[in-house]
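S.K.: Sequence first, predicted coordinates after that:
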Amino acid sequence: VGSVPDVGTLPRGTLAPSLGNLRKSLNAVLSFSFFLTKEMKVDLRATQLSGTLPVLYVFMARTGNTIKSTELVSLNNNGEITTENAPTSGVKIVFSRESAPDQTLYYFSTDLSNQGIKNRPGFIRFCGKQGSGNSLVKAASYLMHMNEFSDARDFLLATSKTLVQDDSGIPFKFFAQDQWDVLFLGRYAGPIKMFEGRFQSDLSRVFKSANPPPLNFSFGYRWHSSESSLIIATSLKSVPKAMPAN
């Protein structure tokens with residue numbers, strides 16, 4: 001996460017190179033719509049404005065939000081927020097847009113593998129306490145295709161009202177027809193070469209048969225809009241049942 005950045009306290013002469021390095025760290029996500037993890041790790045450590053917080057600040061400011069307060073927090077293994085040392089570190093940002101009510105963003109650094117959740121269950125328990133909600137999965141390295149990430153996959157399927165993702169998220173085969181209404185957009189061109197073993201033949205068939213409308217923006221690893229796909233799954237459990245006829 002990093003420390004809470006304060007541009008006003010940077011040593012003289014370091015502001016320009018620090019902002020330049022921050023700009024460099026955003027190059028991949030602004031050009032391709034996803035971060036290159038190895039490069040990001042280097043970029044976010046090579047500046048006075050270190051960690052993920054400066055990146056969050058940039059996107060929040062550029063989307064018209066005003067940051068009201070920032071507080072470093074942690075989660076204990078029961079999923080309770082504390083300002084004391086605890087296994088899972090994070091940050092709480094209170095922000096608003098114009099005259100709209102304040103909103104709160106929580107960002108935590110954690111390991112979502114099955115073993116990671118077992119060792120540090122605080123994050124998944126914190127999320128569970130928030131109830132059902134909307135989920136976004138993008139450029140997710142196909143981790144939830146693996147058995148080692150089945151707990152995170154099952155959690156999203158159990159608690160999401162709507163789940164928006166590309167093909168790198170939860171495999172299509174896990175969306176049971178009697179539990180999910182799935183909308184397809186764009187074109188499924190399959191994984192990029194780095195993940196070519198994650199091709200989904202069932203997803204390819206349904207895209208071809210559905211003939212979905214194209215996307216006019218890029219999303220995920222296929223960063224050309226003509227190759228991007230979007231999957232919007234709505235849980236049927238969250239849809240009210242029709243009232244009986246009189």
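M.R.: Thanks, I have it. Residues are numbered from 1 along each chain as shown.
S.K.: Determine the next helix or strand in the C-terminal direction from the helix or strand of the chain with the lowest mean pLDDT.
M.R.: Of all helical and strand segments in the chain, the minimum by mean pLDDT, DSSP states H and E falls on helix 37-43, at a mean of 62. Downstream of helix 37-43, the next assigned helix or strand under DSSP states H and E is helix 53-62.
S.K.: which is the next helix or strand following that following helix?
M.R.: Next along the chain after helix 53-62, taking DSSP H and E as the criterion, comes strand 66-75.
S.K.: List the buried residues in that next one.
M.R.: Neighbour-count burial for strand 66-75, counted by 16 or more other Cβ atoms under 10 Å, picks out 70, 73-75. Where C-beta positions appear, they are placed from N, C-alpha and C, glycine not excepted.
S.K.: repeat for stretch 202-216
M.R.: By neighbour count on 16+ other Cβ under 10 Å, the buried set for stretch 202-216 is 203, 206-207, 212, 215.
S.K.: Tell me where this structure has strands.
M.R.: Listed in chain order, the strands of the chain (DSSP state E) span residues 66-75, 81-82, 88-96, 103-108, 133-137, 160-165, 180-186, 229-235.
S.K.: Same list, these, but as TSV with distance to residue 173 and mean pLDDT please.
M.R.: Listed next are the strands of the chain as TSV, based on distance: least, Cβ to Cβ, whole Å; pLDDT from 0 to 100:
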stretch	distance to residue 173	mean pLDDT
strand 66-75	32	94
strand 81-82	36	94
strand 88-96	31	95
strand 103-108	29	96
strand 133-137	16	96
strand 160-165	14	97
strand 180-186	12	97
strand 229-235	12	96
